[in-house]
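Novice: Coordinates only, no sequence provided:
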């Protein structure tokens, strides 16, 4: 571990310029910021006086944003509604020099928007606008056709699954076959109700809750954690598994027997929104850069420790990573 901390600058530099293919549920994280000074006379709820509103790339689009912020390049496949929010995402991605030809525009579903009301740095309520019905076969075919055209120039595929309908069993199965044909690793940020469809992927990054559900176990000890990890790898035949454990760090499973615990490196935890996106983004770019799974996991762990200290969905940057590695180097010396 000390060796990786000392090599922090070198590893972050290696991420620059490599390309990742992101497939998943594109969405917007909308933030309404304000303060509370009184309770509504109509119901026992706070009245938030709005001071500002912010739109940020969310879901798979946040994964794209993180990879770009770390110096990587991205091709993206997904679905947007034929609406103002969908056009905003496309415009924002184009402004970041991200190609959008892999994005399907659908008149039958709105762009997914998660609206969070924040008062005094605390989330008061969240409102979701979404349709979660599975994509039809025609849209699947378009996405997979685009994905295959990108694979030869991408070093890793990220599946960012928010269970909004883009990642279907058929799409997942066909994508894994395509990636294997092109010798490209597949990294998945999973959803509980979709676990069975990720068979054959390179690496899965569930949190504790998702891992417990996927393994059919209560994870209340390190022994249970290890058993859950082995069950998931056995069930899904994946090469690697990274279980993220909040303030306890991560556990990396390599094959059916070996595992290692990675301690957390967060200074303060204000908001875990988007932390999973940060983990899968950093890990996938590391793999695309030719780094080992262990190096990618350590980088992802450090990156997650930075973003949970921010409020709202924010991408991790190369400079933030370098600063944090220098801090860790001083602490370990």
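Specialist: Yes, it's here. Just so we're clear, the structure is a prediction, and the values are computed from it rather than from any experiment.
Novice: Could you pull out the strands in the stretch 101-250 of the chain for me?
Specialist: Along the stretch 101-250 of the chain, the stretches classed as strands by DSSP state E, counting those that start in this stretch are 103-106, 112-119, 122-129, 156-160, 186-189, 203-204, 240-244, 250-254.
Novice: need the contact list for the residue nearest the centre of the chain.
Specialist: Central residue of the chain (CA atoms, centre = their mean): residue 277, 2.1 Å from the mean position. Neighbouring residues of residue 277 by CB atoms under 8 Å, 6 or more residues apart in numbering: 59, 62, 63, 66, 160, 189, 313. Just so you know, the C-beta spots here come from the backbone N, C-alpha and C atoms, and that holds for glycine as well.
Novice: please redo it, this time with the cut-off set to 6 Å
Specialist: 62, 63, 66 (CB atoms under 6 Å, 6 or more residues apart in numbering).
Novice: before we move on, what about residue 159?
Specialist: 23, 24, 188 are the contacts of residue 159 under CB under 6 Å, 6+ apart.
Novice: Please pick the buried ones from those residues.
Specialist: 23, 24, 188 (16 or more other CB atoms under 10 Å).
Novice: For the first one, list each beta-bridge partner.
Specialist: What it means is residue 23. Beta bridges link residue 23 to residue 77, residue 159 when assigned by DSSP bridges.
Novice: for the helix or strand harbouring residue 91, packing partners?
Specialist: Assigned by DSSP states H and E, residue 91 belongs to helix 84-95. Using 3 or more CB pairs under 6 Å, 6 or more residues apart in numbering; DSSP states H and E, no helix or strand is in contact with helix 84-95.
Novice: Please name the nearest non-neighbouring residue to residue 203.
Specialist: The shortest distance from residue 203 to any non-neighbouring residue, by CB to CB, 6 or more residues apart in numbering, is to residue 240 (4.1 Å).
Novice: Residue 212 now?
Specialist: Sequence neighbours aside, residue 219 is the residue nearest to residue 212 in space, at 4.6 Å (criterion: CB to CB, 6+ apart).
Novice: try residue 281
Specialist: Residue 281 sits nearest to residue 66 (CB to CB, 6+ apart), 3.5 Å away.
Novice: ok and the strand or helix carrying that neighbour relative to strand 112-119, angle-wise?
Specialist: Taking DSSP H and E as the criterion, residue 66 maps to helix 60-69. Per axes from the mean of the first three to the mean of the last three CA atoms, to 10 degrees, the angle that helix 60-69 makes with strand 112-119 is 80 degrees.
Novice: Now do the same for the nearest residue to residue 244 once chain neighbours are set aside: its pLDDT.
Specialist: In space, and not counting its chain neighbours, residue 244 is closest to residue 207: 4.8 Å by CB to CB, 6+ apart. pLDDT, residue 207: 92.
Novice: any idea how far residue 317 is from residue 207?
Specialist: Separation of residue 207 from residue 317 (CB to CB, to the nearest Å) stands at 23 Å.
Novice: Check residue 120 too.
Specialist: Counting by CB to CB, the gap from residue 120 to residue 317 is 26 Å.
Novice: more crowded one of these two?
Specialist: Set residue 120 next to residue 317 and count neighbours by other CB atoms under 10 Å: residue 317 wins out with 18 against 10.
Novice: can you pull the contacts of the more buried one?
Specialist: Contacts of residue 317 (CB under 6 Å, 6+ apart): residue 69.
Novice: 10 Å instead, please
Specialist: Counting by CB atoms under 10 Å, 6 or more residues apart in numbering, residue 317 touches 12, 66, 68, 69, 70, 71, 303, 306, 307, 323.
Novice: residues contacting the closest residue to the fourth one other than its chain neighbours?
Specialist: Sequence neighbours aside, residue 315 is the residue nearest to residue 69 in space, at 3.9 Å (criterion: CB to CB, 6+ apart). Contacts here follow CB under 10 Å, 6+ apart; on that basis residue 315 touches 56-57, 62-70, 274, 277-278, 281, 303, 307.
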